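Peer 1: Predicted model, plus sequence, below.
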There are 2 protein chains.
Amino acid sequence: MAGERAATLSDVAREAGVSLATASRALNGSDRVVRPELQERVLAAADKLGYTPNANAQAMARGSTETVGLLVKDISDPYFSTIAGGLADEAEKHGLLVMLCNTGGQPEREQKFLAALRRQRSRAIVLSGSDTAGVRHTSEVADLLTSYLDGGGRVAAISQPRLPVDTVVIDNHGGAKALAERLAGLGYRRAAVLTGPEDLLVSAERHAGFAEGWLEATGSAPAYVSDEFSRDGGRRAMTRLLENGRNNASEVDCVFAVNDLMALGALAACRQAGIEVGPELAVAGFDDIATLRDVTPGLTTVRLPLADIGRLALELVLGEPSAELRKRSVHGEVVLRESTPPRV
Amino acid sequence: MAGERAATLSDVAREAGVSLATASRALNGSDRVVRPELQERVLAAADKLGYTPNANAQAMARGSTETVGLLVKDISDPYFSTIAGGLADEAEKHGLLVMLCNTGGQPEREQKFLAALRRQRSRAIVLSGSDTAGVRHTSEVADLLTSYLDGGGRVAAISQPRLPVDTVVIDNHGGAKALAERLAGLGYRRAAVLTGPEDLLVSAERHAGFAEGWLEATGSAPAYVSDEFSRDGGRRAMTRLLENGRNNASEVDCVFAVNDLMALGALAACRQAGIEVGPELAVAGFDDIATLRDVTPGLTTVRLPLADIGRLALELVLGEPSAELRKRSVHGEVVLRESTPPRV
DNA sequence: ACCGTATTGGAAAGCGCTTTCCCCATGGCT
DNA sequence: AGCCATGGGGAAAGCGCTTTCCAATACGGT
C-alpha cells in the first residue's frame, strides 16, 4: 500500500468502467446528471481505490480555490487570535480553508504573504494587521492588492480604513470617547493616555477619541506617553509616567492604555511602584481580551466583539462584490470594573 | 487593466521571444542554466506583464506544494495561539504557508480538515488538538493519517502520544509532579486538583503527575473535581469544591488546576466566595499563558515553551523522514508566584 | 411510423506549469 | 581536419482535473 501513487480520477473511471467525464460528474455533482446506477458504480470504485480529488488540479481546471488568506500581525496576541477564531469558524461553515499569515508587523513579510496568496489564487484575503501611517508601505501594499483584485480576488480589511477595500471599521474613536466620558463621570479629573507609536492608526484613533471625550467632559486635555503597542510598552510608558508624576505637582488620577495588553503592562508597573490600582490610581484598557476578564483588579475596558469582527470580515469578503467600497461599523461597549472605582 | 486575465508563463515567453521552457527556467532557477541575456529578457517581460506564477499549476507540475496544515482545537485559546505563532514563524522561514484548521474539538470537523489537507496535497500536517481517549475517533483519525502518509505526506503531533506519528511530547506528568513537590515543600498539606474530562489525556497526565508527586511528598492523595477544560469549567469545579469543603472538616489549603484557564476560573470562583487567594488558599495552574503573567495575584504555574513547541513540531515534520517514530520531549518549569506563598 | 427534442455518456480540449528529451552549436582534443 | 563532449534552447509530454462539444439513445407528439 505504501509505494503506489495515489489513485487519480482516471483510475476510478477505469475501475468503474466509465469515462473520465462521467467519473468527474458523478463525484462532484456538476449540473449534469449521471444515471444513478453509474453514479453508484463510480462512488464504489472511488471508495475502493481510496480516491481523493487533487484540489490543485481542481483549482486549475475550475479556476478557483477553496482557501482564503488571513493576515494578522501576531497570532499569539489574543486580539488577533480571537478575530482569527471567529473568522475560522465562519470559513468552516462555507467549506473554506484559512491560510494563516503571521506578518509580525513587518511590511516586507506582509508583501511576501500577499504575493504568496495571490500565487495560490486564494479566493479572498482578510487583512487584520495594524495599519501604520507609513505611506510608502501602504501604497506598496495597495498596489499588490489592486493587482490581486484585478485578478478577481476579493479583499477586506479590519480596521484599516485607509486601504481601498471593503472594511470592518472599528469605532475606536467613539469607544474611547465613551470611556473618557464614563471615567470623567466617575469623578476622575487628571487623565493620562498610554499610546502606541504615533503612526499606528488604532492607537491614534483611540487616543484622539479619549482626548476629545475627556476635553468635553473635564475641560482639560489628557497627558500622554507613547511606547510600543504591547505589554512591555505599557509597562515602560507607565513607569515613565510615574517618574514624571513625582516631580510634577499635577499628578494623574486615571490612566487610559490604548489596549488591554498595554494596560496589563501598566498594572505591572504600578504594582512594582507600590501603587494600588483602583483606590490610588485608575487604569483602563481597550479590547476586553477574554483571558483578562477575570483578573484582579477587574480591568475597566471597552469590549469589542472580536470574534464577530472576524466573522463579519469574512462575510464581507465573500459577499456580492459591489462597485463602491463597503464599510461595516462595529462599536465597542464600555465595561466598568474595579480598576476604575467611582472617585470619592 | 481590470478585465484582462492574468498573464501566464506563455505570455511572458512570447513577450520575451523565448520558449516556454526557457521562461520557466529563467523564472524559477531550475538546475538548468539560461544565458544571462535571455534570463534578463524574461525577467523584464515578466515584470512588464505583472506575471505571477500560478501556485496550483506549479503544485500540479511539481507534485508538491508549499503549504502545511495546522490543526488546533481553538485558535482563540492562548495555549494554541502561542503554539501557532511559533509554528507560523518557523514556517515563514521555510517559505511555507500555514493552513489553519480550527476543529473546535469536534471529531467530525477534525476529519473534514484532514481530508481537505490531503486533497490540497499539503506538504505536512501538525496536529495539536487535545487527544481524547475516544478510541473510535482516534482510530478513524489514524486511518486518515495513514492514507495521508502513504501519499507521501508528513505528520507530527503535539502532545498526542497515542497517534502513530512523530510527536512533540510535553512532559505533563513530570511538570505537574515537580509542581506538587514544590507546593508540598512550601508547607501545603491538603491539595485538590481541578481536572478536565477524564478522557482528556493532557488533563489525565497532569492530574496523575501531581497526584504522584503529592503522594510521595505528603503521603496523602489529593482530592479532585472534574469539569470542562476551560475557564468556566475551572470556575464551576472550584465552586463545587468550596461547597463540599464547607460541610467537610478536611478543608483544602491548595488547589492545582490542570491548566491556566481553569486556574483563572478558580480564581474567579474564590473571589466570588470571598476567599483571598494566596494567604487563605493557594492556587496553581499549568502552561504559563503569557497574558496571565502579570495578573494579581501572580499565578503559580508550570511554564511551557509554547512557541518553541510549535517551532519544534514544524521542524520535526519537515525533517528527514525516518522509519521509526520520533519523539521530542519538552519539559515545563515550575514558576512560583504569589498565588502560592510559603505556608506559615 | 417519423421527426424533433431531451437526456446522458464519452472524447478531447484545455487550465498553467515543469521536465524530459532532442537538437544544434560550440569548443577542446587528437 | 575530424570527433566527441558540453552547454543551452525548444518541442512536447505530462500533472489530474473540468467542461465543452458530439454522438447516441430514448421519448413524446402527430
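Peer 2: Okay, I see it. Being a predicted model, the structure only gives us computed values, none of them experimental.
Peer 1: List, one by one, the residues from the stretch 101-250 of chain A near chain B.
Peer 2: Taking C-beta under 8 Å from any C-beta of the partner chain as the test, the list of the stretch 101-250 of chain A residues beside chain B reads A:101-102, A:104, A:109, A:113, A:115-116, A:118-121, A:147, A:150-151, A:231. Every residue, glycine included, has its C-beta placed from N, CA and C.
Peer 1: now that we have these, which one has the most neighbours?
Peer 2: Neighbours here mean other C-beta atoms under 10 Å in any protein chain shown. Within those, the largest count is held by residue A:101, at 28 neighbours.
Peer 1: Skip the chain neighbours and tell me the closest residue to that one.
Peer 2: Excluding the flanking residues, the one nearest residue A:101 by C-beta to C-beta, 6 or more residues apart in numbering or on different chains is residue A:113, at 3.9 Å.
Peer 1: do you know how far that neighbour is from residue B:217?
Peer 2: 50 Å (C-beta to C-beta, to the nearest Å).
Peer 1: So the lowest-mean-pLDDT helix or strand in chain A, near DNA strand C or not?
Peer 2: Within chain A, no helix or strand scores below helix A:135-150, which has a mean of 80 by mean pLDDT, DSSP states H and E. No: between helix A:135-150 and DNA strand C, judged by C-beta under 7 Å from any atom of the strand, nothing touches; the nearest distance is 13.5 Å.
Peer 1: do stretch A:13-29 as well
Peer 2: Yes: judged by C-beta under 7 Å from any atom of the strand, stretch A:13-29 and DNA strand C are in contact via A:18-22, A:25.
Peer 1: from those residues, which would you call buried?
Peer 2: A:18, A:22, A:25 (16 or more other C-beta atoms under 10 Å in any protein chain shown).
Peer 1: surely residue A:20 meets residue A:9?
Peer 2: Yes: in this structure, residue A:20 sits in contact with residue A:9. The criterion is C-beta atoms under 8 Å, and the distance is 6.2 Å.
Peer 1: how about the least confident helix or strand of chain A: buried residues?
Peer 2: Buried residues in helix A:135-150, counted by 16+ other C-beta under 10 Å: A:137-138, A:140-141, A:144-145, A:147-149.
Peer 1: Include distance to DNA strand D when you put the residues you listed into CSV, please.
Peer 2: Rendered in CSV, the data for the buried residues of helix A:135-150 read as follows (distance: C-beta to the nearest atom of the strand, whole Å):
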residue, distance to DNA strand D
A:137, 37
A:138, 37
A:140, 32
A:141, 32
A:144, 27
A:145, 27
A:147, 24
A:148, 22
A:149, 22
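Peer 1: How far does stretch A:306-321 sit from its chain's centre?
Peer 2: 11 Å (C-alpha atoms, centre = their mean, to the nearest Å).
Peer 1: is chain B contacted by that stretch?
Peer 2: Yes: Stretch A:306-321 comes into contact with chain B when judged by C-beta under 8 Å from any C-beta, the residues involved being residue A:307.
Peer 1: And the contacts of that stretch?
Peer 2: By C-beta atoms under 8 Å, 6 or more residues apart in numbering or on different chains, the residues outside stretch A:306-321 that reach it are A:68, A:79, A:82-91, A:94, A:123-126, A:128, A:154-158, A:166-168, A:170, A:287, A:326, A:328, A:330, B:76.
Peer 1: How about stretch A:225-242?
Peer 2: Counting by C-beta under 8 Å, 6+ apart, residues outside stretch A:225-242 touching it are A:130, A:192-198, A:200, A:202-203, A:223, A:252, A:255, A:257-259, A:261-266, A:268-270, A:272-273, A:275, B:290, B:294.
Peer 1: ok, of these, which come out buried?
Peer 2: A:130, A:192-196, A:200, A:202-203, A:223, A:252, A:255, A:257-259, A:261-266, A:268-270, A:275, B:290, B:294.
Peer 1: Of those, which belong to strands?
Peer 2: Among these, the members falling in strands (DSSP state E) are A:192-195, A:223, A:255, A:257.
Peer 1: Could I get the full set of helices for the stretch 51-200 of chain A?
Peer 2: Defined through DSSP state H, counting those that start in this stretch, the helices belonging to the stretch 51-200 of chain A, from first to last, are A:55-62, A:78-93, A:107-119, A:135-150, A:172-185.
Peer 1: does chain B sit close to the second one?
Peer 2: Yes: for a cut-off given as C-beta under 8 Å from any C-beta, helix A:78-93 has contacts with chain B, namely A:78, A:80-82, A:84-86, A:88-89, A:92.
Peer 1: buried sites along that helix?
Peer 2: So for helix A:78-93, counting by 16+ other C-beta under 10 Å, buried means A:78-92.
Peer 1: Show me what it is packed up against.
Peer 2: Packing contacts for helix A:78-93, counted by 3 or more C-beta pairs under 8 Å, 6 or more residues apart in numbering or on different chains; DSSP states H and E, involve strand A:67-72, strand A:97-102, helix A:260-272, helix A:306-318, helix B:78-93, strand B:97-102.
Peer 1: Need those in TSV (columns: mean pLDDT).
Peer 2: Compiled in TSV, these are given as follows (pLDDT from 0 to 100):
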stretch	mean pLDDT
strand A:67-72	96
strand A:97-102	97
helix A:260-272	93
helix A:306-318	96
helix B:78-93	97
strand B:97-102	97
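Peer 1: can I get those in CSV with distance to DNA strand C?
Peer 2: Converted to CSV, the helices and strands packed on helix A:78-93 look like this (distance: least, C-beta to the nearest atom of the strand, whole Å):
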stretch, distance to DNA strand C
strand A:67-72, 17
strand A:97-102, 19
helix A:260-272, 42
helix A:306-318, 23
helix B:78-93, 21
strand B:97-102, 16
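Peer 1: Let me have the ones you listed in CSV, adding distance to residue B:309 as columns.
Peer 2: Shown next, in CSV, are the helices and strands packed on helix A:78-93 (distance: least, C-beta to C-beta, whole Å):
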stretch, distance to residue B:309
strand A:67-72, 20
strand A:97-102, 16
helix A:260-272, 22
helix A:306-318, 25
helix B:78-93, 6
strand B:97-102, 15
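Peer 1: wait, which of these is closest to residue A:178?
Peer 2: When the helices and strands packed on helix A:78-93 are ranked by distance to residue A:178, counting by C-beta to C-beta, first place goes to helix A:260-272 at 16.3 Å.
Peer 1: any idea which of the buried ones among the residues of stretch A:13-29 next to DNA strand C is closest to chain B?
Peer 2: Sorting these by how near they are to chain B, with C-beta to the nearest C-beta, puts residue A:25 at the top with 18.1 Å.
Peer 1: Which residues are in contact with the closest one?
Peer 2: Applying C-beta under 8 Å, 6+ apart, we find residue A:25 in contact with A:32-34.
Peer 1: Which of these has the largest number of neighbours?
Peer 2: In terms of neighbour count, residue A:34 stands highest of the contacts of residue A:25 at 20 neighbours, by other C-beta under 10 Å.
Peer 1: Return the distance of that residue relative to residue B:119.
Peer 2: Separation of residue A:34 from residue B:119 (C-beta to C-beta): 22 Å.
Peer 1: just the residues of chain A that are near DNA strand C, which are they?
Peer 2: For chain A, the residues found near DNA strand C under the criterion C-beta under 7 Å from any atom of the strand are A:18-22, A:25, A:32-35, A:38, A:57, A:60-61, A:63.
Peer 1: so which of those residues also contact DNA strand D?
Peer 2: Taking C-beta under 7 Å from any atom of the strand as the test, DNA strand D is in contact with A:20-21, A:25, A:32, A:57, A:60-61 out of the residues of chain A next to DNA strand C.
Peer 1: is it possible to export those residues to TSV including pLDDT?
Peer 2: Below are these laid out as TSV (pLDDT from 0 to 100):
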residue	pLDDT
A:20	94
A:21	94
A:25	94
A:32	85
A:57	97
A:60	95
A:61	95
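Peer 1: Cheers, nothing more for now.
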